[in-house]
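J.: Sequence unavailable; structure follows:
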């Protein structure tokens, strides 16, 4: 009987996973544009299959518009919007959902094909199965997020937006990590001291900072306190307290912006310290040292971009660039963590 595993690595599998990761990144970008243009509630129903077809007649467009007009967002924010304006926001949300369907198909179909042709390394089968489950969970989380804005609110709940975006970045990182495993094969453990734990801490710090940024986005907190390094001329925002702990830390505009700024300062300092230590390390090779330096540079650029985005009151191009750079920083941190584990 032919062994299921002919090789510990597969370049075609790696390229497939990297391609799906690129689609997930595109979906994150389109999702960011959907949020920034206020388009996320324009489609009020979840139809995983039939929803792939947009309205094809004037009557169908009017029916979709009528559903949207019943929402608090229309009644309180967009009252008086005409059909053309509705179509402009509808297409953003439709494109975001279409990309989700494409991502699902781009993963599931080749996954089955690689299994059937025995080209998927055995040690990666369970990982790819988990990735498939994560993709499905992400779709459910997206609808769960949208539901929060269909009644009683004019936008989605910030905590649900944070979970939805966080899952997207988990999926992106897991795809790239698994792709690297498929490309390079099984690792020979490297003798790198405490560096595996240091890189885990750095990656976790980047991910937490992304979540803090999602809370800023979900609360539209980039529209207030647009001076830096102060908050309306003060060292700390005077409107930090917004009620209880949950209301302040999750729904308080000033609080989430302060936390995001503090997270940026801590991450910036940690990245510089790690790059300096890596440069002097006797146990790291040239590639990990270069990745440590690249991570420090990218975090510096990301911090500067965040400051400019805030001071310009979150224009769409800068906000999207800030989100894309967050993905690049996370993937660089993951690459650093992956590389130090390999001889």
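T.: Thanks, I have the structure now. The model shown is predicted, which means the values in this text are computed figures rather than measured ones.
J.: And the helices in the stretch 1-150 of the chain, which stretches?
T.: Here the stretch 1-150 of the chain has its helices, by DSSP state H, counting those that start in this stretch, at 11-36, 58-69, 72-76, 83-116, 122-147.
J.: And those: which comes nearest residue 168?
T.: helix 11-36 (5.3 Å; Cβ to Cβ). From N, CA and C alone the C-beta is placed, and that goes for glycine too.
J.: returning to what we had before: most tightly packed of the helices of the stretch 1-150 of the chain?
T.: helix 11-36 (a mean of 20; mean count of other Cβ atoms under 10 Å).
J.: Break down the stretch 151-300 of the chain into its helices, ranges please.
T.: Under DSSP H, counting those that start in this stretch, the stretch 151-300 of the chain gives helices at 158-184, 195-218, 245-251, 253-280, 286-311.
J.: Just the buried residues of the first one, please?
T.: Buried residues in helix 158-184, defined by neighbour count with 16 or more other Cβ atoms under 10 Å: 158-182.
J.: the inter-axis angle of that helix versus helix 122-147?
T.: 160 degrees (axes from the mean of the first three to the mean of the last three Cα atoms, to 10 degrees).
J.: just the fourth one next, same as before
T.: Angle between the axes of helix 253-280 and helix 122-147 is 160 degrees (criterion: the same axes, to 10 degrees).
J.: Give me the buried positions along helix 253-280.
T.: Within helix 253-280, the residues that count as buried by 16+ other Cβ under 10 Å are 253-261, 263-264, 267-268, 270-272, 274-275, 278.
J.: where does the chain have low pLDDT?
T.: Within the chain, the ranges that satisfy pLDDT under 70 run 1-7, 343.
J.: right, and the helices of the stretch 1-150 of the chain - which one's nearest residue 216?
T.: helix 11-36 (11.6 Å).
J.: can you put the helices of the stretch 151-300 of the chain in CSV and add distance to residue 80?
T.: Converted to CSV, the helices of the stretch 151-300 of the chain look like this (distance: least, Cβ to Cβ, whole Å):
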stretch, distance to residue 80
helix 158-184, 26
helix 195-218, 26
helix 245-251, 28
helix 253-280, 26
helix 286-311, 30
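J.: Select, out of those helices, the one closest to residue 53.
T.: From the helices of the stretch 151-300 of the chain, taking Cβ to Cβ, the stretch that ends up closest is helix 158-184, at 23.9 Å.
J.: Residue ranges of each domain in the chain, please.
T.: Domain assignment for the chain by automatic domain parsing gives 8-186, 188-343.
J.: can you give me the offset of the shortest one from its chain's centre?
T.: Think domain 188-343. 13 Å (Cα atoms, centre = their mean, to the nearest Å).
J.: What is the neighbour count of residue 282?
T.: For residue 282, the neighbour count with other Cβ atoms under 10 Å is 5.
J.: what's the spacing between it and residue 191?
T.: Distance of residue 282 to residue 191, given as Cβ to Cβ, to the nearest Å: 11 Å.
J.: Same question for residue 49.
T.: According to Cβ to Cβ, residue 49 stands 52 Å off from residue 191.
J.: rewinding a little: can you tell me which of the helices of the stretch 151-300 of the chain is nearest to residue 234?
T.: Among these, the nearest to residue 234 by Cβ to Cβ is helix 253-280 (10.3 Å).
J.: other SSEs contacting that closest one?
T.: On a contact count with 3 or more Cβ pairs under 8 Å, 6 or more residues apart in numbering; DSSP states H and E, helix 253-280 meets helix 195-218, helix 245-251, helix 286-311.
J.: For the last one, enumerate the helices and strands it packs against.
T.: With contacts defined as 3+ Cβ pairs under 8 Å, 6+ apart, helix 286-311 has these neighbours: helix 195-218, helix 253-280, helix 316-340.
J.: again with the shortest one
T.: Packed against helix 245-251, as judged by 3+ Cβ pairs under 8 Å, 6+ apart, are the following elements: helix 158-184, helix 253-280.
J.: Backbone dihedrals for residue 226, both of them.
T.: phi -90, psi 20 (degrees, to the nearest 10).
J.: give the contact list for it.
T.: 310-313 (Cβ atoms under 8 Å, 6 or more residues apart in numbering).
J.: run the last query once more with 6 Å
T.: 310-311, 313 (Cβ atoms under 6 Å, 6 or more residues apart in numbering).
J.: Kindly report the same for residue 179.
T.: Applying Cβ under 6 Å, 6+ apart, the residues near residue 179 are 14, 17-18.
J.: Nearest residue to it in space, please, no chain neighbours.
T.: residue 17 (3.5 Å; Cβ to Cβ, 6 or more residues apart in numbering).
J.: Wait, the one you found touches residue 175, no?
T.: Yes. Using Cβ atoms under 6 Å, residue 17 and residue 175 qualify as a contacting pair, with a distance of 5.2 Å.
J.: For the closest residue to residue 307 other than its chain neighbours, what are phi and psi?
T.: Using Cβ to Cβ, 6+ apart and skipping the chain neighbours, the partner closest in space to residue 307 is residue 228 (5.2 Å). The phi and psi values for residue 228, taken as degrees, to the nearest 10, are phi -150, psi 140.
J.: Any idea how many residues pack against residue 228?
T.: So residue 228, with other Cβ under 10 Å, has 12 neighbours.
J.: so which of the helices and strands packed on helix 245-251 comes closest to residue 126?
T.: Here helix 158-184 is closest among the helices and strands packed on helix 245-251 (Cβ to Cβ), at 10.5 Å.
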